[in-house]
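Undergrad: sequence isn't available, so here's the structure alone:
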């Protein structure tokens, strides 16, 4: 007797994707071997994966991002600046585009402000003090 399975029945159980039924321990093991770009893509798949990979209070999540960064981004071996999560750090150094005007191909990171932006947005959002040689940010660093 031959049993027929539809594509839909293989991919879902009661309207839910089978991939989201993976136990967290197995999901963690899978993520341990992924580069940061794949982790970012995986976090965009569904809310459950996002909650696993973007949890700010999970040491396991931070370890996944840290191991991925150290393994796959040889140019980013220093730890993230104080107060910055591993995910934020990876996004800051790997993504492109001004974080404010969204101009593409911008890769310049201004480490004093922990932002990636174009020169115009930097100038629009900082105040240069004449008496000293530092700038004061006028923006929030999301």
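TA: That came through fine. Note that the coordinates shown come from a computational prediction; the quantities given were computed from them, not determined experimentally.
Undergrad: buried stuff in the longest helix along the chain?
TA: Secondary structure of the chain read by DSSP state H shows that its longest helix is helix 59-72. Counting neighbours by 16 or more other CB atoms under 10 Å, one finds that the buried residues in helix 59-72 are 61, 62, 64, 65, 66, 68, 69, 72. Glycine gets a C-beta too; all of them are placed from N, C-alpha and C.
Undergrad: for those residues, which one is nearest residue 78?
TA: When the buried residues of helix 59-72 are ranked by distance to residue 78 (CB to CB), residue 69 comes first, at 9.9 Å.
Undergrad: distance of the closest one relative to residue 45?
TA: When CB to CB, to the nearest Å is the yardstick, residue 69 and residue 45 sit 20 Å from each other.
Undergrad: rewinding a little: contact partners of the longest helix of the chain?
TA: Applying CB atoms under 8 Å, 6 or more residues apart in numbering, the contact partners of helix 59-72 are 28, 31-32, 34-36, 39, 52-55, 76-77, 85-87, 89-90.
Undergrad: same thing but 10 Å
TA: Contacts of helix 59-72 with the rest of the structure, by CB atoms under 10 Å, 6 or more residues apart in numbering, involve 24-25, 27-28, 30-40, 51-56, 58, 76-80, 85-91, 93-94.
Undergrad: from those, list just the buried residues.
TA: The neighbour-count criterion (16+ other CB under 10 Å) marks 27-28, 31, 34, 36, 39-40, 52-54, 76, 80, 85-90, 93-94 among these as buried.
Undergrad: as JSON lines, the buried residues of helix 59-72 with distance to residue 101 would be great.
TA: Shown next, in JSON lines, are the buried residues of helix 59-72 (distance: CB to CB, whole Å):
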{"residue": "61", "distance to residue 101": "30"}
{"residue": "62", "distance to residue 101": "30"}
{"residue": "64", "distance to residue 101": "31"}
{"residue": "65", "distance to residue 101": "27"}
{"residue": "66", "distance to residue 101": "31"}
{"residue": "68", "distance to residue 101": "29"}
{"residue": "69", "distance to residue 101": "27"}
{"residue": "72", "distance to residue 101": "29"}
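Undergrad: and those as CSV, adding distance to residue 109 and pLDDT?
TA: Conversion of those to CSV gives the following (distance: CB to CB, whole Å; pLDDT from 0 to 100):
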residue, distance to residue 109, pLDDT
61, 23, 94
62, 20, 94
64, 22, 96
65, 17, 96
66, 19, 95
68, 19, 96
69, 15, 95
72, 18, 95
